[in-house]
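Peer 1: Give me coordinates for this.
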Amino acid sequence: MTRPVRILIWVSVSVLGALAVATIAIHRHEQINAMWLVVAAACSYALGYRFYSKFVAAKVLVLDARRATPAERLDDGRDFVPTNKWVVFGHHFAAIAGPGPLVGPVLAAQFGYLPGTLYILAGAVFGGCVQDFVILLFSVRRDGKSLTEMARDEIGLVGGFVAYVAVISIIIILLGAGALIVVNALKSSPWGVFTIAMTIPIALLMGWYLRRLRPGKVLEVSTLGFFLVMLAIWGGQWVSQNPAIAPWFTLTAPTLAVVIIIYGFAASALPVWLLLAPRDYLSTFVKLGTIGLLAVGIIVFHPTLNMPPLTKFIDGSGPVFAGSVFPFAFITIACGAISGFHSLISSGTTPKLVRREIETRMVGYGAMMCESLVAIMATIAACVLQPGTYFAINSPAGIVGQTPDGAAATISGWGFPVTAAGMHALAQAVGEQTLYNRTGGAPAFAVGMAHIFSNSLGGQAVMAIWYHFAIMFEALFILTTLDAGTRVGRFMVQDALGHLWKPLGRTSWYPSILATTALIVAAWGWFLWQGVRDPLGGINSLWPLFGICNQLLATVALCLATTIIVKMGKACYVFVTMVPLAWLVSVTFTASWEKMFHANPRIGFLAHARELASSSAATPGLSQVVFNDRLDAAVTGVLVCMVALILIESGLIWVKVVLGRKQAIVRETPFVATRFAVEEQG
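Peer 2: Numbers count the residues shown, from 1 in each chain. Sure, this is the predicted structure:
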């Protein structure tokens, strides 16, 4: 392809993308087609990857194809394993794509489609993708060290200690919240439980096949995995309709919590090639395949966005969650734009699998683009619903009323018409008893997804199948984050205990693996159990804390990235991490303050606790909710203070290095030439 042709293509992509974004941003009083969101996303991601990520790779990070990665140099067959780039991409995407890009945009849709869409696009291209890419590369150049180890080496002992405490606390909360969403999605769902359960033996078979039976035959194992997953999905439908077998897979929330805790332990303790990497690669088939199918459904059906660009609830009076569009829309969306959890995967399992340094761009920047596309699809799924239906599904009974007629009247009074009869018919169409008060975002996404699929692929007769498929799809998304996050937490605990007794720090020593895995699983399992026991459903207490913790973790990651870039002598390019860092600090610190001290009980943790504590109603489990609110406020305050210390210490280093008052020492592993480059040339 000649240079003029390439220029013409990219100019066309730029013009089309600008037109799509302008259409989304300018239209106020008329409905637009969902295709505009898909076009804006496709053009933004294409331009971001082709130009911005290439600029970061060449000018800021200076990727070196001749340099050996820790997967090659430290290959131990367990955690450090040189892996095909597509398998690594699949693992990384599956590990980072958790509840955030599905649930967050759906909840934020109460403000309208405009704030979320614009933030998802800009935040990913200039923030989330950059964070994932730079942290992955910096970890690869440091023997796959964790985020906290790098913080200790590059920022200092105080910054490293504070980062460790903050990060391990955030991991525990993130995993507890994610596990709770899985429980809420799978409880009393034999179809979902069966299909998710079957992905485990399928992954074990794929790992053994690729490792022992047919090494390197990625296409073969991919075909096998895809066929078996499709069979498991079909089998789940059969199980759910079989009265003799369905009860075996119809589990209560407490039972599911115990099962998930056991699974998290096993996923962290087993060798990475046996379960974690193949299962995440397997999950990618379902994830990317479903998102691709959803895109096809949107192209075929080209649905209209029924949600307005901005709703009356941008003032903070929203029924789904209280709080104004700034900062809470951005805290709620979180993972679809930028996610601190990704930095743990980028400095956890993934850098130990990367075969070539130049592959970090595709894995780090590219996988986050895919997650951002998931968030766009979630936004569309929520906004194609009639607003009245959306609010009936996502609003708690305490806001809209306990009865169907009362809820319909309340929501219609807001200017979003809905009827009790219409909601009952929709519930029957998707095979549910009721869709009222199904808070948490997951059911609304499933209804929207079923609506798109049924109108383009099969008709209303299969809407129930698509709805339950979507529930399974969401659970699969989250569970892969759970197992990868547990493994990352185990690495961090081993690193800390290794300073007390060296054998405990060895990632290959099984007694250490079992002990540290038990510690991290017990920690997030406690939060999960508290959520299961919470009479308000748990997610109301954990999700705000999840969003704040996630963005605080991204703040820590960008502090570290900025420090390393300054020390590398690349201060002229520091804007690539400094700009998203400044945005995160303003958003996250504002949200944290309001969640702790806002006088509105629907916003402030402490105000809500005081209101409940002074209530004379003898509601079962009321003391548990009060305890959760106070715990959330305390955890938020402590984490904000710790992250502020990291910011201050990092800022002092930047100033001293730039002014020449501090010697810039970058603690990278010495250069070792890779053998893979020679093999590929041969």
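Peer 1: Neighbours of the closest residue in space to Val374 that isn't next to it in sequence, how many?
Peer 2: Residue nearest to Val374 in three dimensions, not counting chain neighbours: Pro101, with 4.2 Å by C-beta to C-beta, 6 or more residues apart in numbering. To be clear about C-beta, it is placed using only N, CA and C from the backbone, and glycine gets the same treatment. Residue neighbour count, defined by other C-beta atoms under 10 Å, stands at 31 for Pro101.
Peer 1: Where does Pro101 fall, secondary structure wise?
Peer 2: Assigned by DSSP states H and E, Pro101 falls within helix 100-108.
Peer 1: Return the distance of that helix from the chain's centre.
Peer 2: Centroid separation for helix 100-108 versus its chain: 10 Å, with C-alpha atoms, centre = their mean, to the nearest Å.
Peer 1: Dump it to CSV, restricted to CA.
Peer 2: Once non-C-alpha atoms are left out, helix 100-108 reads as follows in CSV (Å, rounded to 0.1, in the frame of the first residue of the first chain):
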residue,chain,number,x,y,z
GLY,A,100,-16.4,-2.6,35.7
PRO,A,101,-17.0,-2.3,31.9
LEU,A,102,-20.3,-4.1,32.1
VAL,A,103,-21.8,-2.8,35.3
GLY,A,104,-20.3,0.7,35.6
PRO,A,105,-21.6,2.2,32.2
VAL,A,106,-25.0,0.7,32.9
LEU,A,107,-25.3,2.4,36.2
ALA,A,108,-23.9,5.6,34.9
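Peer 1: Contacts for it next, please.
Peer 2: Contact with helix 100-108 is made by 115-116, 120, 181, 320-321, 329, 332-336, 339, 341, 371-372, 374-376, 378-379, 381-382, 394, 440-442, 444-445, 448, 474, 477-478, 543, 547, 550, as judged by C-beta atoms under 8 Å, 6 or more residues apart in numbering.
Peer 1: again, 6 Å this time
Peer 2: The contact list for helix 100-108 (C-beta atoms under 6 Å, 6 or more residues apart in numbering) reads 116, 320, 329, 332-336, 339, 371, 374-375, 378-379, 382, 441, 444-445, 474, 477.
Peer 1: Which of these fall within helices?
Peer 2: Mapping the contacts of helix 100-108 onto helices (DSSP state H) picks out 116, 329, 332-333, 371, 374-375, 378-379, 382, 444-445, 474, 477.
Peer 1: Tell me the one of those nearest Glu668?
Peer 2: For these, the minimum distance to Glu668 (C-beta to C-beta) is 28.0 Å, reached by Glu371.
Peer 1: what's the distance between that closest one and Pro327?
Peer 2: According to C-beta to C-beta, to the nearest Å, Glu371 stands 21 Å off from Pro327.
Peer 1: So which of these two has more stuff around it?
Peer 2: More crowded of Glu371 and Pro327, by other C-beta under 10 Å: Glu371, with 29 against 22.
Peer 1: Thought Met642 was touching Val162, still the case?
Peer 2: Yes. Counting by C-beta atoms under 6 Å, Val162 does reach Met642; the two are 4.8 Å apart.
Peer 1: Verify the assumption that Gln572 is located in a helix.
Peer 2: If you look again at residue 572, you'll see it is Cys, not Gln. Yes. Assessed with DSSP: H, G, I helix; E, B strand; the rest coil, Cys572 lies in a helix.
Peer 1: The nearest residue to Asp483 once chain neighbours are set aside: neighbour count?
Peer 2: Nearest in space to Asp483, with sequence neighbours left out and distances taken as C-beta to C-beta, 6+ apart, is Ala267 at 3.4 Å. Per other C-beta under 10 Å, the neighbour tally for Ala267 reads 26.
Peer 1: Test my guess that Ala267 contacts Leu482.
Peer 2: No. Contact criterion C-beta under 6 Å: Ala267 and Leu482 do not qualify, at 7.7 Å.
Peer 1: Who are the packing partners of the helix or strand harbouring Ile24?
Peer 2: If you go by DSSP H and E, Ile24 is part of helix 3-26. Judged by 3 or more C-beta pairs under 6 Å, 6 or more residues apart in numbering; DSSP states H and E, the packing partners of helix 3-26 are helix 35-47.
Peer 1: Sounds good, over and out.
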